[in-house]
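Colleague: build me a structure from this.
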Amino acid sequence: MAAPTDYHEAVRQIIDCVGTPRERAEIADGKPLKSLGDFPEQDVIRALRRFHDFCRDEGYRSGGLDDFRPSWLDFKDGSVKVSGDVPLLKRRLDIARMLDCHVAHEAELKLETPGLSPKEYERLASLPGDAGRNVRFRLCTDPRVPPDLLSSIALDHSSLRRLALSNPAMGPKGLARIAARPRMMADLDVAALVKRRVAALDPEGRKAYEAEHFAVSGRKPMEGIQVPGLRESGATLVNGVLSIRREAAMFYGQPVRPRTTPDKGMGR
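Modeller: The predicted model follows:
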């Protein structure tokens, strides 16, 4: 490949190598390219190294690396050099978006590092795309994650909540943030996990749980409330835990009496 003369041509060459089929089709049609990000120079250098690894590891080459990579990029001695009149680093080219698999791999390696700071955990949890989703699932099972970050991740999805509630790092405040939301507690698996964790709290933890529950919902955990959409089954929140009479009886093996009154709206 000939060395590009401007920023957009550099982007086109890299997209032609590692872009998605849609991105390659767009540059083939000559569509104008938008700015791909505003990242510091060191982030760009790391992205270029990921590009180098992508070429080497994923097999997108017919011969050696030198036959595939753009001739204007040099990765010798662990450094990245750009030859020719290419204002690549000045324009802060971001190609990490196209290398999500390598972002995820680096994040996985980072999670294995002992002694990560809370800010580093927050940065990993905020990664975009598939990489961020996979990392958040890993964080929900990591007992080293800060409790506040764990509870905020757990609020995003029911699958994350189930994992986070089994994590010993989940504190009383995180339990209260989930228990105070009826729609989250409508998930029976989540409700059972919350009930188990709340029952195991010590007096100090129970006090923190009740205070956070009141701060989030404006009511005490002892107050029962109707769960939207489940009123007919007798679902209520008592002590911050979902209670459904019929499911509870089936769970404990007790006989369940059939309904003697017809359901409303069924034409009977």
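Colleague: buried stuff in stretch 138-150?
Modeller: 138, 139, 140, 145, 146, 147, 149, 150 (16 or more other C-beta atoms under 10 Å). Where you see a C-beta, it was placed from the backbone N, CA and C, and this is true even at glycine.
Colleague: export the residues you listed to CSV and tack on distance to residue 208?
Modeller: Output for those, formatted as CSV (distance: C-beta to C-beta, whole Å):
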residue, distance to residue 208
138, 27
139, 22
140, 21
145, 18
146, 15
147, 11
149, 17
150, 15
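Colleague: so where's this protein shaky on pLDDT?
Modeller: Counting by pLDDT under 70, the ranges of the chain that qualify are 1-109, 128-131, 222-268.
Colleague: go again using 80 as the cut-off
Modeller: Counting by pLDDT under 80, the ranges of the chain that qualify are 1-116, 123-124, 126-134, 218-268.
Colleague: could you pull out the helices for the stretch 151-268 of the chain?
Modeller: Remark: helices assigned in the stretch 151-268 of the chain by DSSP state H, counting those that start in this stretch are 158-165, 172-179, 182-185, 188-199, 203-217, 245-251.
Colleague: show me the domain layout of the protein.
Modeller: Domain assignment for the chain, taken from automatic domain parsing, gives 7-99, 113-168, 171-260.
Colleague: ok, back up a step: of all the helices of the stretch 151-268 of the chain, which lies closest to residue 121?
Modeller: helix 158-165 (13.4 Å; C-beta to C-beta).
Colleague: helix/strand/coil for residue 144?
Modeller: Following DSSP: H, G, I helix; E, B strand; the rest coil, the label given to residue 144 is coil.
Colleague: surely it and residue 118 touch.
Modeller: No - using C-beta atoms under 8 Å as the test, residue 144 is too far from residue 118 to be in contact (10.2 Å).
Colleague: ok, the closest residue to residue 197 other than its chain neighbours to residue 112 distance?
Modeller: By the measure of C-beta to C-beta, 6 or more residues apart in numbering, the closest residue to residue 197 outside its immediate chain neighbours is residue 175, 5.5 Å from it. Residue 175 sits 28 Å away from residue 112 when distances are taken as C-beta to C-beta, to the nearest Å.
Colleague: more neighbours: which of the two?
Modeller: The residue with more neighbours, out of residue 175 and residue 112 and counting by other C-beta atoms under 10 Å, is residue 175; that gives 28 against 7.
Colleague: can you get me a residue count around residue 176?
Modeller: 25.
Colleague: quick revisit: for the helices of the stretch 151-268 of the chain, which one ends up most surrounded?
Modeller: The highest mean neighbour count among the helices of the stretch 151-268 of the chain, using mean count of other C-beta atoms under 10 Å, belongs to helix 172-179: a mean of 24.
Colleague: relative orientation of that helix and helix 203-217 in degrees?
Modeller: 40 degrees (axes from the mean of the first three to the mean of the last three C-alpha atoms, to 10 degrees).
Colleague: which elements pack onto helix 172-179?
Modeller: Helix 172-179 sits against helix 147-154, helix 158-165, helix 182-185, helix 188-199, helix 203-217, with contacts defined as 3 or more C-beta pairs under 8 Å, 6 or more residues apart in numbering; DSSP states H and E.
Colleague: what about 6 Å?
Modeller: helix 147-154, helix 188-199, helix 203-217 (3 or more C-beta pairs under 6 Å, 6 or more residues apart in numbering; DSSP states H and E).
Colleague: now it and helix 147-154, what's the angle there?
Modeller: Using the same axes, to 10 degrees: helix 172-179 against helix 147-154 is 20 degrees.
Colleague: got the angle for helix 172-179 vs helix 158-165?
Modeller: 150 degrees.
Colleague: pull the residues that contact helix 172-179.
Modeller: 147, 151, 184, 194, 197-198, 201, 205, 208-209, 212-213, 216, 240 (C-beta atoms under 6 Å, 6 or more residues apart in numbering).
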